[in-house]
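K.L.:
here is my input, please return the structure:
(one chain, ligands or ions: 2)
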Amino acid sequence: MKILAIETSCDDTAVAVLEGKAKKLKILSNIVSSQFKLHAQYGGVYPFLAKREHQKNLPLVFQKAMKQAGNPKIDAIAITSGPGLEPCLWQGINFANDLAQKLKAPLFPTNHVEAHILANFIDRGPTSIKFPAVGLVVSGGHTQLILMKKFLDYKILGETRDDAAGECFDKVARILGLGYPGGPAIAKLAGERFSAGEPFSVKLPRPMIKQQNYDFSFSGLKTAVLYEFRKQTPQTQKSKQYLEALCAEVQQAIIDVLIFKTRKAVDDYGAKTVVLGGGVTANDELRKQFKKEFNVLMPAKKFCTDNAVMTAITAYFHWKNGDKPEGKIEAKADLTL
Ligand code: KG4
Ligand code: ZN
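P.N.:
Ligands and ions are numbered 1, 2, ... in the order given. Next comes the predicted model:
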């Protein structure tokens, strides 16, 4: 079974070909074309600009992925139908629809949040997860805690009430003039801070950490950074030491809240495994601290951020589960698990 997958939910145009054999999965190709440079000018993603880029990139990325895979016969096509930016989702869906007709292959819609979770099983078998499990998806668009009682079974326990954690990284980076995407830029400065001394101490809030629920809020953290930064002289604002300290504190505030709420869910539901996913879980410090705290599965870093291998594997597991695609596929910006 060879699955070609297309992912265009945000600012990455991604196509992959995955081969599913009896027990083994083989990645035949994996192409991700990022639009970072385009969106860096604006400090964030503009949906219609992103859609135009997908339109331009999709045929090229598709050709490249097929060539890398050795132009195989495709048995099924997987497409992200949501959640995500609606114009971007439609661009991918229309492309996938045309392709499905041309290749006479069935088309499987996939959920992008589920794909971030299932990215864990690209490099390891699904038996590595022990149930009940708690999933934590942390990306540019989502921060969700999910209860999984069995494989492919999800119940959302809590989510962000405003900005996602990745969005917070991106907005803070914009305030500090660090470019887009913000997460890697902040992680780099924070990393340098961890190995240096402690010349500046910056303290930021841990939003909603005391509330007895599984919800998050990160927009206040961004505002706290803005006030903290504005308080400083232009000289301090440019100081590398200050920026390193501030970045380390923002990163730690986000990690503290994520660990605290995950701990609550794990204890309340007696979870045996924590399953991470989403772009923010590529963060080295977050990975280290989660490993220390939980029995945790996390995707390889390159599969944390958006890619189409995770889209392919999502369709593959549902196909194995006997799920059949039905009806017309539509873009669903707010699709939930
Ligand atoms: O999952 P993803 O690629 O796209 C969405 O579905 O949103 O996540 C992108 C987000 C961005 O906000 C980016 O800043 C963040 O993931 N990110 C990181 C790191 N790498 C990417 N955040 C913190 N540390 C990183 N190393
Ligand atoms: Zn994503």
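
K.L.:
near ligand 1, which residues of the stretch 151-300 of the chain are found?
P.N.:
Taking Cβ under 6 Å from any ligand atom as the criterion, the stretch 151-300 of the chain approaches ligand 1 at residues 166, 169-170, 181-184, 187, 278-280, 282-283. Heads up, the C-betas are built off the backbone N, CA and C, glycines and all.

K.L.:
and the helices in the stretch 51-200 of the chain, which stretches?
P.N.:
For the stretch 51-200 of the chain, the helices defined by DSSP state H, counting those that start in this stretch cover 86-103, 112-118, 165-176, 182-195.

K.L.:
of those, which is nearest ligand 2?
P.N.:
Nearest to ligand 2 among the helices of the stretch 51-200 of the chain is helix 112-118 (5.6 Å), distances taken as Cβ to the ion.

K.L.:
and that closest one, what's buried?
P.N.:
Across helix 112-118, burial judged by 16 or more other Cβ atoms under 10 Å covers 112, 113, 114, 115, 116, 117, 118.

K.L.:
isn't the first one up against residue 82?
P.N.:
What that stands for is residue 112. Yes: using Cβ atoms under 8 Å, residue 112 is in contact with residue 82, at 6.6 Å.

K.L.:
can you check which residues contact both of these two?
P.N.:
Common contacts of residue 112 and residue 82, defined by Cβ atoms under 8 Å, 6 or more residues apart in numbering, comprise 9, 335.

K.L.:
rewinding a little: top of the residues of the stretch 151-300 of the chain next to ligand 1 by neighbour count?
P.N.:
residue 169 (31 neighbours; other Cβ atoms under 10 Å).

K.L.:
enumerate every residue touching that residue.
P.N.:
181, 182, 183, 186, 250, 251, 254, 280.

K.L.:
angles on the backbone of the closest residue to residue 129 other than its chain neighbours, please.
P.N.:
Spatial nearest neighbour of residue 129, chain neighbours left out: residue 273 (5.1 Å); criterion: Cβ to Cβ, 6 or more residues apart in numbering. Note on residue 273: backbone dihedrals following degrees, to the nearest 10 are phi -140, psi 140.

K.L.:
ok, residue 273 to residue 49 distance?
P.N.:
According to Cβ to Cβ, to the nearest Å, residue 273 and residue 49 sit 39 Å apart.

K.L.:
and the closest residue to residue 139 other than its chain neighbours, how far is that from residue 267?
P.N.:
Distance criterion Cβ to Cβ, 6+ apart; nearest residue to residue 139, sequence neighbours excluded, is residue 278 at 3.4 Å. Going from residue 278 to residue 267 by Cβ to Cβ gives 22 Å.

K.L.:
what pLDDT does residue 198 get?
P.N.:
We have a pLDDT of 60 for residue 198.

K.L.:
and for the residue in the stretch 51-200 of the chain that ligand 2 sits nearest to, the neighbour number?
P.N.:
Per Cβ to the ion, residue 139 is where the stretch 51-200 of the chain lies closest to ligand 2, at 4.3 Å. As a burial measure, residue 139 scores 25 neighbours (other Cβ under 10 Å).

K.L.:
same thing with the one 3 residues further on?
P.N.:
Residue 142 has 23 neighbours, counted by other Cβ under 10 Å.

K.L.:
and if you look at residue 256?
P.N.:
Per other Cβ under 10 Å, the neighbour tally for residue 256 reads 14.

K.L.:
in what helix or strand does it lie?
P.N.:
helix 240-269 (DSSP states H and E).

K.L.:
ok, now which ones touch residue 25?
P.N.:
18, 19, 122, 313, 316.

K.L.:
and with 10 Å instead?
P.N.:
Residue 25 is in contact with 1, 3, 18-19, 121-123, 125, 309, 312-313, 316-317, counting by Cβ atoms under 10 Å, 6 or more residues apart in numbering.

K.L.:
brilliant, that's me finished.
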